[in-house]
Structure formats: C-alpha cells, structure tokens
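A.B. asks: Sharing a model prediction with you, sequence too.
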Amino acid sequence: MQSLNYKLDRFEGPLDLLLSLVEKNKINIDDIPISLLCSQYMEYIQAAQAMDIELSSEFLVMASELMLIKSKMLLPRNEETEEDPRAALAAAMLEYQRTKAVSASLTRMFAQYGTRMIKDTDEIKADTSFVADHDMELLTRAMIRMLSEVRVTDEEALQRFEPLIRKSTVSVASVASALIEQLRDGSSVTLCRYFSAADSRSTLIAMFMAMLELLKSGTVLLTEKDYAPDGIIRSADDAFITLNPEADPDEAAKYLKDEANF
C-alpha cells in the first residue's frame, strides 16, 4: 500500500480526521473500506506521536473503535439480521459532514454581515402633556358639541345635493316619441324652433340625441328650404325636420318606448 504524506494539521477531532481521509481517498461513506481507513488513521496517530504532537484522548478512543469495527468485519455474520458494524460510524461521519457544511455557510455569512450594525428601534415615549383627569360632564359636552357640528355639516350637504337628486330626468325616448307625434300630420318644424322649446340643459341634450337617433334610423329627414349653391345650411331657420314618408311611425314609436335602446 502506498504511504500517504500528511501535513499533520491539527484536526478538531477524530471525526474531522476520518472525514479528511474519506475525502482524500474518495471513499463512499455508506460503504467504508474499514481496513484502509483504519490503517491510514493509525499512520497519522503514529506520525503525530513521533513529532511529539499532543493528541487528545478522543483520537485514541476512535482508534480503538476502528480496530473493534475491523475485527467485527473479519468475523462471519448474518447480513440480514445483524447490523453492519460500520453503520454507527457512517452515521456519525455523515452528521459531522453536514455540520461542517453548515458551519462553512455560516462563516461566509458572518464575514459578509458580521461587521454590520443595525440601528435599535427608537422608543416612543408616552405623551404626558395632558395627565390631569377630565370631568365626565366636560367630556359629555365635548362629545355633544362634536356630534352637533357633524349634524350641521350633514344638513348643509343635504341642502346642496338635494336639488340635484330631485331634479327630473328627461329621457331621449320620450323626446323622440313627442317629435314623431308632432310630425305625424305631415307638418314640419325648423331646427331653431325645435331646439328653442327646451326649458333646461338636460332637455336640450336629450332633444339633440333624439334628433341624431331618428336621423340615423331614417325615421325623420332634415331638409333645407332654399339650397345654397355650395350646399351648406347657413341658418337653422332654413333647415326643416320632416317625417320620412317611407318610414313607419308606429314601428319607430314602438322602438322608442324601450328605454334600453338609449
């Protein structure tokens, strides 16, 4: 067997030495060649003693355990019923290997974050400006005054918004139906006269949308009394609204009764 050259570093314990030997020999911990591991372990112990390196008693205890495991491996045993003599050693080495990996990770984290300082949470002191006891009657009066101010505010808001809420709405369908009824006898009305009948802005908007809808559906026609050479209507008094003779006013009126269409 080729002898190994050791730097004889001081290991933290016998498991540290065994794990180093496993890594150097690329040994599978679950299937340890106990004879090879025991021989190299003893070589390290003898070399350390020759160089007067002080070893703890743990290294000697582990040496005796390795010799015991080696002797058990030489004896015949029933592999199905008897536990592998190397099982306890393998479990201890695996646990130590995981511990070393975590330790290395924690060491890197400490090197990165260990020198940082965190500002402590500022303590918010209690406000002791008003520490005198207040009379219950004074608190009651203050509460009543606050509630009364809120009620006044609510009343003012109601006075401002109530006219908007109570204002009547003008539907486009009702305005369009009224115009159709006005034109049923074949009469016509100018744009100026039609829109001048609006008594509010909402009514005027409804009349304008009704006109667009009736023109789009072809129920009414918009004609000019005297056509200008350039074809531009220059005055609302010259534009007339008439019922389309090809349209069915009854069908249009029935359609306009459905408020969902507008």
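C.D. replies: Nice, thanks for sending it over.

A.B. asks: For the rest of this, base every contact and every neighbour count on C-alpha atoms.
C.D. replies: Noted.

A.B. asks: Residue 203: how many residues sit nearby?
C.D. replies: A total of 19 residues lie near residue 203 under the criterion other Cα atoms under 10 Å.

A.B. asks: nope, residue 102 is what I was after
C.D. replies: Residues lying near residue 102 (other Cα under 10 Å) number 11.

A.B. asks: for residue 194, same thing?
C.D. replies: 18.

A.B. asks: which residues of the stretch 1-150 of the chain fall in helices?
C.D. replies: Along the stretch 1-150 of the chain, the stretches classed as helices by DSSP state H, counting those that start in this stretch are 14-25, 34-50, 57-74, 87-113, 136-166.

A.B. asks: Quick check: the closest residue to residue 96 other than its chain neighbours vs residue 86, distance?
C.D. replies: Distances taken as Cα to Cα, 6 or more residues apart in numbering place residue 15 nearest to residue 96, at 7.1 Å, with adjacent residues excluded. Distance from residue 15 to residue 86, counting by Cα to Cα, to the nearest Å: 14 Å.

A.B. asks: if we can go back for a sec, I'd like the helices of the stretch 1-150 of the chain laid out as a markdown table, including mean pLDDT.
C.D. replies: As requested, these are exported to a markdown table (pLDDT from 0 to 100):
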| stretch | mean pLDDT |
| --- | --- |
| helix 14-25 | 84 |
| helix 34-50 | 84 |
| helix 57-74 | 84 |
| helix 87-113 | 87 |
| helix 136-166 | 69 |
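
A.B. asks: Quick one, which of the ones you listed gets closest to residue 204.
C.D. replies: Between residue 204 and the helices of the stretch 1-150 of the chain, the shortest gap by Cα to Cα is with helix 136-166, which sits at 17.3 Å.

A.B. asks: picking up where we left off before, contacting residues for the residue nearest to residue 96?
C.D. replies: Residue 15 makes contact with 92, 93, 96 under the criterion Cα atoms under 8 Å, 6 or more residues apart in numbering.

A.B. asks: what's the spacing between it and residue 174?
C.D. replies: 97 Å.

A.B. asks: Could you dump the helices of the stretch 1-150 of the chain into a markdown table and include distance to residue 129?
C.D. replies: Output for the helices of the stretch 1-150 of the chain, formatted as a markdown table (distance: least, Cα to Cα, whole Å):
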| stretch | distance to residue 129 |
| --- | --- |
| helix 14-25 | 65 |
| helix 34-50 | 75 |
| helix 57-74 | 68 |
| helix 87-113 | 42 |
| helix 136-166 | 18 |
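
A.B. asks: List just the one of the ones you listed that sits closest to residue 187.
C.D. replies: Go through these one by one with Cα to Cα and the one that ends up closest to residue 187 is helix 136-166, at 35.8 Å.

A.B. asks: tell me how far the following helix or strand past that closest one is from the chain's mean position?
C.D. replies: Scanning the chain past helix 136-166 towards its C-terminal end, the next helix or strand to appear is helix 172-183 (assignment: DSSP states H and E). A distance of 54 Å separates the C-alpha centroid of helix 172-183 from that of its chain, computed with Cα atoms, centre = their mean, to the nearest Å.

A.B. asks: need the next SSE after helix 172-183, C-terminal direction.
C.D. replies: Beyond helix 172-183 in the direction of the C-terminus, DSSP H and E gives the next helix or strand as strand 189-190.
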